[in-house]
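*Asks:* got a predicted structure plus its sequence, pasted below:
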Amino acid sequence: MVDIKGIGEGIKAGISGAVKAVKEEAPNLFIARPVDSKNLIIYKHPDTNVRLGSQITVDEDDVVVFFREGKVYGTLKAGRNTLDTQNIPFLTKLIEKVTGGNIFKAEIYFISKREFTNLSFGGPVGDIKDPESEIAVGLRVYGTYALKILDPVLLIVELVGKKSIVANEEITNWMQEQVTKSIKDFVGKLIVKKKWPLLDVISGAYTSEIEAACLQRVKEDASSYGIEIARLGNFALNMKEEDETSLKEFRKEAAYAKMAGGYQQYATGRMMIGAGKGMEKGGESGGTALSGAGLGMGLGTGLAIAEKIGKGERGIQIRCTKCGALASEDIKFCPNCGKKLIPTERKTFNKFKKPSKKKSSKKKR
């Protein structure tokens, strides 16, 4: 037969032993945030079984939150309190009845209300098309931010309860990711909307405006977690060095083209200057090194032609008998092959001149 009495006594002894163990693990405590945790946003008291009558001290810049099974039961502000149901009525809901009403069970969090500064963020914004060159360039944003906890209850519910983020390092890492994501998503859209040249953006010309707009955005995003992003600092955007060099080169070329009257004129002018330099090399390779005067002639010729083209002047063109390239009537060397244009071969060709209409030889009858 089954010894019912023996089983009952065994269960009773087991419960008694468990209660005794809990009581031994939960002596009268003096609960407070340790000194070495003062620089943490959140500190969790290590014991969840707390004896009624224990003392708890809350610093001036802290709020204590009592949390259990996904729910906040109450908070304590600065001061020293005795943990009993008369002083703190919400503890009644946390008391473990199996302990004889002497123990309550809860996670106790100390949340700092002070401002935490010099927290870093940074990451790639993504490829953005430069409005000047229409080249897609990857930007990167980085800087620092300061945060403070405005709503400790909301922080515990959203981060501890829903995301199981408890440790201080987990909170700061998660917040860094959120700030970086909010800023990089927003700053890309802002630059595209404003049509700001990317060289001006990374130069700092719009930094104040971008920073202020990004701060407003991250404030809105962080508020749903009970967090305030107080300010941003050392805000900057940059790009790869080779991309910056490419954009600077394009801007320089565009400026020269504008002065020359257009890209076609500028390109032709550059060709002429290159031809002048080519004549210098051609002379040296032929065994007759050009003197300083010869070099000046080559470069001077190219510059003169570039200047004429920039002004829109279209002179008589001479065709080289060797390569067939066209050259201005006032130069003596072919800009394409370097061959000297012999006077007897200087046949003129005006590609800009419209063919004249021949008069009809027929007489009117």
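*Replies:* Yes, it's here.

*Asks:* now V64. Its backbone dihedrals?
*Replies:* Dihedral angles of V64 (phi, psi; degrees, to the nearest 10) stand at phi -100, psi 130.

*Asks:* the nearest residue to it once chain neighbours are set aside and N87, how far apart?
*Replies:* Spatial nearest neighbour of V64, excluding adjacent residues (C-beta to C-beta, 6 or more residues apart in numbering): L76 at 4.2 Å. Any C-beta I mention is one placed from the backbone N, CA and C, and that applies to glycine too. To N87, L76 is 10 Å away according to C-beta to C-beta, to the nearest Å.

*Asks:* these two: which has the busier surroundings?
*Replies:* Taking other C-beta atoms under 10 Å, L76 and N87 do not tie; L76 has more neighbours (21 against 10).

*Asks:* now that one: phi and psi?
*Replies:* Backbone torsions for L76, taken as degrees, to the nearest 10, come to phi -130, psi 140.

*Asks:* tell me the pLDDT at it?
*Replies:* Reported pLDDT at L76 in the predicted model: 97.

*Asks:* same question, E170
*Replies:* At E170, pLDDT is 92.

*Asks:* could you do C320 as well?
*Replies:* pLDDT recorded at C320 is 78.

*Asks:* what's the separation between the residue lying closest to G204 once chain neighbours are set aside and S203?
*Replies:* Nearest residue to G204 in three dimensions, chain neighbours excluded: A236, at 7.6 Å (C-beta to C-beta, 6+ apart). A236 sits 10 Å away from S203, going by C-beta to C-beta.

*Asks:* buried stuff in the helix ranked longest in the chain?
*Replies:* Identified as the longest helix of the chain according to DSSP state H is helix 168-194. Judged by neighbour count using 16 or more other C-beta atoms under 10 Å, the buried positions of helix 168-194 are 168, 171-172, 175-176, 178-180, 182-184, 186-188, 190-191.

*Asks:* what does stretch 155-165 give?
*Replies:* Across stretch 155-165, burial judged by 16+ other C-beta under 10 Å covers 155-160, 165.

*Asks:* and what of stretch 110-128?
*Replies:* 110-113, 116, 119, 121-122, 125, 128.

*Asks:* give the helix, strand or coil label for the residue nearest to G204.
*Replies:* strand (DSSP: H, G, I helix; E, B strand; the rest coil).

*Asks:* okay, and the beta partners of it?
*Replies:* Y142 (DSSP bridges).

*Asks:* which stretches of the chain form helices?
*Replies:* Ranges of helices in the chain, per DSSP H, are 4-25, 152-155, 162-163, 168-194, 198-203, 207-223, 241-260, 263-285, 292-310.

*Asks:* output the fifth one in CSV with nothing but the alpha carbons.
*Replies:* Below are the C-alpha coordinates for helix 198-203, written out as CSV (Å, rounded to 0.1, in the frame of the first residue of the first chain):
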residue,chain,number,x,y,z
LEU,A,198,28.9,66.9,-51.3
LEU,A,199,32.2,68.8,-51.2
ASP,A,200,30.4,71.6,-49.3
VAL,A,201,28.8,69.1,-47.0
ILE,A,202,32.1,67.6,-45.9
SER,A,203,33.7,71.0,-45.6
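
*Asks:* check the spacing between I183 and A146 real quick.
*Replies:* Using C-beta to C-beta, I183 is found at 14 Å from A146.

*Asks:* state the distance from P152 to I229.
*Replies:* 17 Å.

*Asks:* return stretch 41-60 as CSV; C-alpha atoms alone will do.
*Replies:* Taking only C-alpha atoms (Å, rounded to 0.1, in the frame of the first residue of the first chain), the coordinates of stretch 41-60 have been written out as CSV:
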residue,chain,number,x,y,z
ILE,A,41,22.9,54.3,-16.4
ILE,A,42,21.3,51.2,-14.8
TYR,A,43,22.3,49.0,-11.9
LYS,A,44,20.4,45.8,-11.0
HIS,A,45,20.5,44.7,-7.4
PRO,A,46,21.8,41.1,-7.4
ASP,A,47,19.1,39.6,-5.1
THR,A,48,15.5,39.1,-6.1
ASN,A,49,14.4,37.6,-2.8
VAL,A,50,14.2,40.5,-0.3
ARG,A,51,13.2,40.3,3.4
LEU,A,52,10.6,42.8,4.5
GLY,A,53,12.1,45.3,6.9
SER,A,54,15.3,45.7,4.8
GLN,A,55,16.6,49.2,4.3
ILE,A,56,17.0,50.8,0.9
THR,A,57,18.8,54.1,0.2
VAL,A,58,18.2,55.9,-3.1
ASP,A,59,20.6,58.6,-4.2
GLU,A,60,19.5,62.1,-5.2
